[in-house]
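Engineer: no sequence on this one, just coordinates:
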């Protein structure tokens, strides 16, 4: 990836992170930590990789994205808004009665949302269905999924993992947002899902490990997934929960709580400073 | 009338009949020879997918397929379809109102020997509580064939409640069915017996027994529990003044509950209900269980006689 492209992606990711803070602070609730850790992957997918058209969000030939960790709507909505699926200003309505921006994604209400999710472990199953439909119809679209590392504790994930390998769904790529934290603390303390890479490999998946905040590595992994025939790919993306906001980084407490006004102002100021530094 | 066919067999054959529609995809969870989706599989193997013993995954996979425009029939036993996979059905199929038809076979105690763990008696309650879910419970092979085809033609989630046991064919082959419209099988003015699924045949026999006592009982087959045919129920309440419901299901939340919701709001009349009295089933020969748990014409007849005293 050339430096100019990378710089643009970094700027976009920073704007998306600002949208995350704005949405969660406006709602007074929501999930900033896992949205911020996923922001660079979302940015890469929607601004560099995926075949999507905000003017035709239901195009049958589009690439699909399923937010299996459905609570990270601030990240998804901010990305979709910045990509042009709906106005960025609508992010302030997040989680509120008059808004279409439900706490968890609703495919009928929000343009660009490909699957309604929220109950962990179901998104990856639905993505298996989408990938299977692509195989049946001999279409070349790809299906991307973002899962939480804590989400791997849901048994249904492994049912889906088995099915994806069984049906050789090489059009399916799953990112595991590997920030190591869930609501009650470290994933290894709550219910250890390790070794994650070995488990997926044992289930017959192509496994790639990357730094979730390095666009070159994200791109390389996605390209390798596209070149891999006969098996689905899991990208274990080492990330920092709360990435980009100093006081949120690596804090489980920011999994599902919103910043107060002053905290939000500080977060936005930090992100804005970073954006300015990128633009100079 | 002497021919007996299980509704699950009629389901499998109907799927094979409509399988030329290339939009149809059938999923099963290691039970295709029991749910009888094997009829479809033989003709259209490229659109039949075994998802293994993983029902929760199967239902959400069905949702993903449906989101890409497929009409999906996902089949397993009712206890797994509505029970084990409930959360996938609710959140991935019901909430986004996707075009998935759940072929839930082996419902009720008439699966017999497998016993209580496999005898689904709560599925009508669970499924009708999901907003937008159509719930179909056919009485025989003819109505199953028609209703499966109608379910495939309509858009949206449908729960099809089917049985394992061979049951009498009630309807003529050319009978017209409509989802959401009950069928009056027998006219009568003294009371009405409203039945669904397996209990329609015993209801007809009970009406015949009542006739011998000089009681004229109307019999209605409610093959669609949701959306419910309010008109036929209110008309029966007004014209006959007493209603008894019959179902192979727990009395909490099933047909009896659904009918009484309509009756109390529109035309309150004395009612009684035949079904499982808040109990699990047990292992046994199907008709021995039917006898033990009171799903018989005799029990319907006795309850009907008592009910008439309350008119």
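Structural biologist: Perfect, thanks for sending it. What you are looking at is a predicted structure, and each value in this text was computed from that prediction instead of being measured. Numbers count the residues shown, from 1 in each chain, chains lettered A, B, ... in the order given.
Engineer: In which helix or strand does residue A:173 reside?
Structural biologist: strand A:172-178 (DSSP states H and E).
Engineer: whoops, I mixed them up, residue B:148
Structural biologist: Going by DSSP H and E, residue B:148 is part of helix B:141-153.
Engineer: Name the residues that touch that helix?
Structural biologist: The contact list for helix B:141-153, computed with CB atoms under 8 Å, 6 or more residues apart in numbering or on different chains, reads B:5-7, B:9-11, B:13-15, B:17-18, B:21, B:24, B:71, B:73, B:101, B:103, B:134, B:136, B:138, B:158, B:160, B:162, B:167, B:169-173, B:175-179, B:221, B:223-224. Glycine gets a C-beta too; all of them are placed from N, C-alpha and C.
Engineer: Of those residues, select the buried ones using a ChimeraX command.
Structural biologist: Per 16 or more other CB atoms under 10 Å in any protein chain shown, the buried members of those correspond to this ChimeraX selection:
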select /B:5,6,7,9,10,11,13,14,15,18,24,71,73,101,103,134,136,138,158,160,162,167,169,170,171,177,179,221,223,224
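Engineer: Counting only helices, which of the contacts of helix B:141-153 make the cut?
Structural biologist: B:7, B:9-11, B:13-15, B:17-18 (DSSP state H).
Engineer: Tell me the buried residues in stretch B:128-139?
Structural biologist: B:128, B:130, B:133-139.
Engineer: I misspoke; the intended subject was stretch A:106-113.
Structural biologist: Those would be A:106-107, A:110-113, for stretch A:106-113 by 16+ other CB under 10 Å.
Engineer: next one: stretch B:136-156
Structural biologist: Those buried within stretch B:136-156 under the rule 16+ other CB under 10 Å are B:136-148, B:150-152, B:156.
Engineer: Show the average pLDDT along it.
Structural biologist: For stretch B:136-156, the mean per-residue pLDDT is 98.
Engineer: From the chain's centroid, how far away is that stretch?
Structural biologist: In this view, stretch B:136-156 has its centroid 10 Å away from the chain centroid, taken as CA atoms, centre = their mean, to the nearest Å.
Engineer: repeat for stretch B:226-244
Structural biologist: 18 Å.
Engineer: Tell me which residue in the stretch 51-200 of chain A sits closest to chain B.
Structural biologist: Residue nearest to chain B within the stretch 51-200 of chain A: residue A:129 (2.2 Å; CB to the nearest CB).
Engineer: can you tell me the helix or strand for that residue?
Structural biologist: Per DSSP H and E, residue A:129 falls inside helix A:122-136.
Engineer: Tell me the first helix or strand C-terminal of that helix.
Structural biologist: By DSSP H and E, the next helix or strand past helix A:122-136 is strand A:143-148.
Engineer: List the contacts of the following helix or strand past that following strand.
Structural biologist: Counting by DSSP H and E, the next helix or strand C-terminal to strand A:143-148 is helix A:155-166. For helix A:155-166, the surrounding residues in contact (CB under 8 Å, 6+ apart) are A:121-122, A:124-125, A:127-128, A:131, A:147, A:151, A:172, A:199-200, A:203-205, A:231-232, B:51-52, B:54, B:56-57, B:60-61, B:88.
Engineer: Next, the angle from helix A:155-166 to helix A:122-136.
Structural biologist: 20 degrees (axes from the mean of the first three to the mean of the last three CA atoms, to 10 degrees).
Engineer: Report the distance from helix A:155-166 to the chain centre.
Structural biologist: The answer for helix A:155-166 is 19 Å, by CA atoms, centre = their mean.
Engineer: swap in stretch A:202-214?
Structural biologist: Computed by CA atoms, centre = their mean, the chain-centroid distance of stretch A:202-214 equals 15 Å.
Engineer: Report the mean per-residue pLDDT for it.
Structural biologist: Stretch A:202-214 comes out at a mean pLDDT of 98.
Engineer: Can you list the buried residues in that stretch?
Structural biologist: A:203, A:205-208, A:210, A:212-213.
Engineer: Let me know the closest of these to chain B.
Structural biologist: Closest to chain B, out of all of those and judged by CB to the nearest CB, is residue A:203, at 12.7 Å.
Engineer: Which residues are in contact with the closest one?
Structural biologist: The neighbours of residue A:203, taking CB under 8 Å, 6+ apart as the test, are A:158, A:161-162, A:165.
Engineer: what are the phi and psi angles of it?
Structural biologist: phi -80, psi 0 (degrees, to the nearest 10).
Engineer: Which positions in chain A make contact with chain B?
Structural biologist: A:60, A:66, A:106-108, A:114-119, A:121-123, A:125-134, A:136-137, A:156, A:159-160, A:162-163, A:166-167 (CB under 8 Å from any CB of the partner chain).
Engineer: 6 Å instead?
Structural biologist: A:107-108, A:116, A:119, A:122, A:125-126, A:128-130, A:133, A:156, A:159-160, A:163 (CB under 6 Å from any CB of the partner chain).
Engineer: Spell out, range by range, the helices that occur in the chain.
Structural biologist: Using chain A here. Under DSSP H, chain A gives helices at A:3-27, A:32-44, A:73-83, A:122-136, A:155-166, A:187-190, A:196-202, A:215-227, A:261-279.
Engineer: wait, chain B
Structural biologist: With DSSP H as the criterion, chain B has helices spanning B:7-18, B:32-35, B:38-43, B:55-67, B:78, B:86-88, B:123-128, B:141-153, B:200-212, B:230-240, B:255-266, B:286-292, B:297-308.
Engineer: How about the fourth one and chain A, touching?
Structural biologist: Yes: contact between helix B:55-67 and chain A, assessed by CB under 6 Å from any CB, occurs at B:56-57, B:60-61, B:63-65.
Engineer: with those in mind, which one is nearest to chain A?
Structural biologist: For the residues of helix B:55-67 next to chain A, the nearest to chain A is residue B:64 (2.2 Å; CB to the nearest CB).
Engineer: so what's that closest one up against?
Structural biologist: Contacts for residue B:64 (CB atoms under 6 Å, 6 or more residues apart in numbering or on different chains) come out as A:126, A:129-130.
Engineer: what residue ranges in chain B score low on pLDDT?
Structural biologist: Residues of chain B that meet the criterion pLDDT under 70 lie in B:1-2.
Engineer: tell me which parts of it are close to chain A?
Structural biologist: Counting by CB under 6 Å from any CB, the residues of chain B that sit close to chain A are B:51, B:54, B:56-57, B:60-61, B:63-65, B:68, B:70, B:87-88, B:91-92, B:95-96.
Engineer: of those, buried ones?
Structural biologist: Buried members of those, scored by 16+ other CB under 10 Å, are B:51, B:54, B:56-57, B:60-61, B:63-65, B:68, B:70, B:88, B:91-92, B:95-96.
Engineer: center of chain B, which residue is that?
Structural biologist: Chain B has residue B:137 as the residue nearest its centroid, 1.8 Å off, counting by CA atoms, centre = their mean.
Engineer: Just confirm residue A:62 contacts residue A:52, I think it does.
Structural biologist: Yes: with contacts counted by CB atoms under 6 Å, residue A:62 reaches residue A:52, the gap being 5.1 Å.
Engineer: between these two, who's got more neighbours?
Structural biologist: Shown here are residue A:62 and residue A:52; by other CB atoms under 10 Å in any protein chain shown, residue A:52 has more neighbours (21 against 18).
Engineer: neighbours around the residue of the stretch 51-200 of chain A closest to chain B, how many?
Structural biologist: Residue A:129, neighbours per other CB under 10 Å, totals 36.
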